[in-house]
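# the sequence and its predicted three-dimensional model are supplied below.
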Amino acid sequence: MNLPPELAAWVQPMGLIAAEVAVLVVVAALVQRLVQSPAGRRALWQACVLGVLVLLAAELSGVGRHFAASLTARPKPRTLSGTGTSSIADRQSPIANESGAPETSSQQTLNAETATPDLSPLVR
């Protein structure tokens, strides 16, 4: 039997939240065995409840997903200069003129302020 579409969208996020809450409760239950005083156990379970509330707020607001993505993100490769990234897509490809031959670097020069081609070699 398939779930209705409006319910299916909620199953995965709620399952994730339930698993995270279960991990918090299991950890608190294991730590409780090490704590002897009633005040210490009470503080432990109050911290667990607070942790569940923070976890719920983070997951429902989207912060939890962003945080998890930032933990699993790969660092960007460093260039020789030590800044930014370098990839084949970032490199400037030669621009062909009307005859199909690649243009020279002076013909490829762009005016940085207006992003229009530099026509100074063509004007006499």
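Received it, and whenever you're ready, just let me know what you need. Every value quoted in this text rests on a predicted model; they were computed, and no experiment measured them.
# ok, then the element right after the longest helix seen in the chain?
In the chain, taking DSSP state H as the definition, the longest helix is helix 5-32. Note on helix 5-32: by DSSP states H and E, the next helix or strand toward the C-terminus is helix 38-61.
# helices or strands up against the helix or strand following that following helix?
For helix 38-61, the succeeding helix or strand toward the C-terminus, using DSSP H and E, is helix 63-72. The contact analysis (3 or more Cβ pairs under 8 Å, 6 or more residues apart in numbering; DSSP states H and E) places helix 63-72 against helix 38-61. The C-beta positions use only the backbone N, C-alpha and C, and glycine is treated the same way.
# ok, L16 touching L60?
No. Using Cβ atoms under 8 Å, L16 makes no contact with L60, being 11.2 Å away.
# more crowded one of these two?
Neighbours per residue (other Cβ atoms under 10 Å) separate L16 from L60, with L16 holding more: 14 against 11.
# which residues touch the more buried one?
With contact taken as Cβ atoms under 8 Å, 6 or more residues apart in numbering, L16 is in contact with E59.
# I'd like to know how far it sits from L56.
Between L16 and L56 the distance is 11 Å, computed by Cβ to Cβ, to the nearest Å.
# neighbours of the closest residue to L3 other than its chain neighbours, how many?
Closest residue to L3 apart from its sequence neighbours, by Cβ to Cβ, 6 or more residues apart in numbering: V11 at 6.5 Å. V11 has 10 neighbouring residues, counting by other Cβ under 10 Å.
# for G51, same thing?
16.
# isn't it right up against L24?
Yes. At 5.3 Å, G51 counts as touching L24 under the criterion of Cβ under 8 Å.
# where does the chain have low pLDDT?
Counting by pLDDT under 70, the ranges of the chain that qualify are 1, 77-124.
# now do 80
1-6, 8-9, 67-68, 73-124 (pLDDT under 80).
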